[in-house]
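Undergrad: sequence-free structure coming up:
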């Protein structure tokens, strides 16, 4: 397998070196790909604990975490409220029968 890979590399290098090279503007232009960290649009985002009353200023990941935690508390609280309190039920003792 390693020999086949070496032969394929040599063949690609030979075709790359023998092909005529043309210099155009598209070959000289630098491509940044997905590096968009330098482009800031709008106000800077802050951590949710720095400005807790303005969710529009929060970072996206902080907004998601706080939202999911809030939904979890709401669902858990609803479950606890509607499931009933089990402490009021009488406990029956096993073996305490009067025959």
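TA: Perfect, I can see it now. Predicted model only: the values in this text are computed from it and were never measured. Residues are numbered from 1 along each chain as shown.
Undergrad: and residue 45, how many residues sit next to it?
TA: Residues within reach of residue 45, counting by other C-beta atoms under 10 Å, total 16. Where C-beta positions appear, they are placed from N, C-alpha and C, glycine not excepted.
Undergrad: now it: closest residue in space that isn't a chain neighbour?
TA: When the adjacent residues along the chain are set aside, residue 45 lies closest to residue 59, with 4.4 Å between them (C-beta to C-beta, 6 or more residues apart in numbering).
Undergrad: for that neighbour, list the residues it contacts.
TA: Counting by C-beta atoms under 8 Å, 6 or more residues apart in numbering, residue 59 makes contact with 45, 46, 47, 48.
Undergrad: pLDDT score assigned to it?
TA: Predicted confidence (pLDDT) at residue 59: the value is 92.
Undergrad: how near is it to residue 47?
TA: Counting by C-beta to C-beta, to the nearest Å, the gap from residue 59 to residue 47 is 7 Å.
Undergrad: which of the contacts of residue 59 are buried? Put it as a PyMOL command.
TA: With 16 or more other C-beta atoms under 10 Å as the burial test, the buried ones among the contacts of residue 59 are selected in PyMOL as follows:
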select buried, resi 45+48
